[in-house]
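Undergrad: any chance you can model this:
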Amino acid sequence: MIIGTLTLENPFILAPLAGYTDLPFRLLCREYGASICYSEMISCHGLAYRQQKTLQMIQTVPEERPVAFQLFGSDPDVMGEGAAILSEKPIDIIDINMGCPVKKVIKSGSGVALMKDPKLAEKIIKKVCANSTVPVSVKFRSGWDHKSITADDFAKIAESCGAHAVIIHARTWAQGFAGLADRRVIADVKNAVSIPVIGNGDIQTYEDGLSMMEETGCDGVMVGRASLGNPWVFNPDGAPANLHERLVAVKRHLELISRYLPVDKILARTKNQAGRYFKGIAGGATIRRKIYDTKSFTELYDLVNNFSSDLLVR
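TA: This is a model prediction of the structure:
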């Protein structure tokens, strides 16, 4: 798949997930087969005001390239400024978030709220494209509700404003994450534009991604929640049933977290991530309980490194 000047080695992409797709997780998913990983959403105002927390979120290393950073906001000028700042980083795509359904984001006029104001969305896309030195993608939903499925028209706007790709989460704002993604919407968008179309929604396995591409004609697929504790989703072989291979992945994830993040400040988040690796296997509940009971990152790291197969029979 070619997006602007960027060629991706395969069509499987890690979706932006707030609180999850930080540098360590992006690196892990790249190692397990994702062709490119998208950062969690980054506030254009946080970038413009050089807020320390926001600047920490745009940390990257050469090993994770290609990488995409996602920008959100509702002010065209500030979004343009944010795009210019991101363009100074060694990244490969800037994505515009026009699909987040969270109330706090909607109240600010950002995220999927922009689908109700296509004129403003148009201004934002033009400003970001004008200030970006890398290809721009736009991520949005099917529409606001089932009475206003506007994804195909919205995709045409994105293309006409200079976007190099569009990403469709085939649910409406009203659905949130409930119900099923409507693949017909992705197919309609694919027929409406000539730029690459990436489908998103209900991709639980590698096979789900292949079937979405076959059914809709989309050029690639984006995997979100199904990737948590499951970087194998980007690989045809899928998640391993045995404890050993899962331990290899979670140990690697913890190593990357210890290298790049302030471990003691994010212990709860780290335990949440570590516990996910043991869902769906015999003895997994016991392992997760032990993980959640740890009091420090060091204790958690030691626990995972000392796990052995005897836990599975207790």
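Undergrad: got the contact list for Glu31?
TA: Pro231, Arg252 (CB atoms under 8 Å, 6 or more residues apart in numbering). Glycine gets a C-beta too; all of them are placed from N, C-alpha and C.
Undergrad: quick check: it vs Pro231, distance?
TA: Distance from Glu31 to Pro231, counting by CB to CB, to the nearest Å: 8 Å.
Undergrad: run a quick neighbour tally on Gly209.
TA: Gly209 has 24 neighbours, counted by other CB atoms under 10 Å.
Undergrad: hmm, it is touching Asp219, no?
TA: No: counting by CB atoms under 8 Å, Gly209 does not reach Asp219; the two are 11.7 Å apart.
Undergrad: okay, and the common contacts of those two?
TA: Residues touching both Gly209 and Asp219 (CB under 8 Å, 6+ apart): Pro11.
Undergrad: got the CA coordinates for stretch 44-62 in CSV?
TA: As requested, the backbone C-alpha atoms of stretch 44-62 are provided in CSV (Å, rounded to 0.1, in the frame of the first residue of the first chain):
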residue,chain,number,x,y,z
CYS,A,44,-2.7,20.5,18.8
HIS,A,45,-3.0,23.1,21.7
GLY,A,46,-0.6,21.0,23.8
LEU,A,47,1.9,21.1,21.0
ALA,A,48,1.4,24.8,20.3
TYR,A,49,1.9,25.6,24.0
ARG,A,50,4.8,23.2,24.3
GLN,A,51,3.2,21.4,27.2
GLN,A,52,5.7,18.9,28.7
LYS,A,53,3.2,16.1,28.9
THR,A,54,2.3,16.5,25.3
LEU,A,55,5.9,16.7,24.2
GLN,A,56,6.6,13.4,26.0
MET,A,57,3.9,11.8,23.9
ILE,A,58,5.7,12.6,20.6
GLN,A,59,8.8,10.7,21.7
THR,A,60,10.0,8.4,18.9
VAL,A,61,13.1,6.3,17.9
PRO,A,62,14.3,5.3,14.5
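Undergrad: from here on, count from 28
TA: With the count now opening at 28, the last piece we talked about shows up as stretch 71-89.
Undergrad: and the top helix by length along the chain, what's buried?
TA: Among the segments of the chain that qualify as a helix by DSSP state H, the longest is helix 270-287. Buried residues in helix 270-287, counted by 16 or more other CB atoms under 10 Å: Leu270, Arg273, Leu274, Ala276, Val277, Lys278, Arg279, His280, Leu281, Leu283, Ile284, Tyr287.
Undergrad: so what's Glu186 up against?
TA: Val193, Val220, Ser221, Ile222.
Undergrad: show me the contacts for the nearest residue to the first one once chain neighbours are set aside.
TA: Closest residue in space to Val193, ignoring its immediate chain neighbours: Ala182 at 4.7 Å, by CB to CB, 6 or more residues apart in numbering. With contact taken as CB under 8 Å, 6+ apart, Ala182 is in contact with Val193, Ile195, Val216, Ala219, Val220, Val224.
Undergrad: what helix or strand is Ala182 located in?
TA: For Ala182, the host element (DSSP states H and E) is helix 178-187.
Undergrad: how about the helix or strand in which Asp215 is found: buried residues?
TA: According to DSSP H and E, Asp215 maps onto helix 210-219. Buried residues in helix 210-219, counting neighbours by 16+ other CB under 10 Å, are found at Arg210, Val212, Ile213, Ala214, Asp215, Val216, Lys217, Ala219.
Undergrad: what does stretch 103-111 give?
TA: Applying 16+ other CB under 10 Å to stretch 103-111 flags Pro103, Val105, Met106, Gly107, Glu108, Gly109, Ala110, Ala111 as buried.
Undergrad: could those residues go into CSV alongside pLDDT, distance to Gly31 and secondary structure?
TA: Formatted as CSV, those follow (pLDDT from 0 to 100; distance: CB to CB, whole Å; DSSP: H, G, I helix; E, B strand; the rest coil):
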residue, pLDDT, distance to Gly31, secondary structure
Pro103, 98, 21, helix
Val105, 98, 23, helix
Met106, 98, 18, helix
Gly107, 98, 18, helix
Glu108, 98, 21, helix
Gly109, 97, 19, helix
Ala110, 98, 14, helix
Ala111, 98, 17, helix
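Undergrad: what ranges does the stretch 78-227 of the chain have for its strands?
TA: Secondary structure of the stretch 78-227 of the chain (DSSP state E, counting those that start in this stretch): strands at 94-99, 120-125, 163-170, 192-199, 224-227.
Undergrad: and the longest helix of the chain, what other elements does it pack with?
TA: helix 50-58, helix 294-303, helix 324-333 (3 or more CB pairs under 8 Å, 6 or more residues apart in numbering; DSSP states H and E).
Undergrad: between helix 324-333 and that helix, find me the angle.
TA: Angle of helix 270-287 versus helix 324-333, following axes from the mean of the first three to the mean of the last three CA atoms, to 10 degrees, is 150 degrees.
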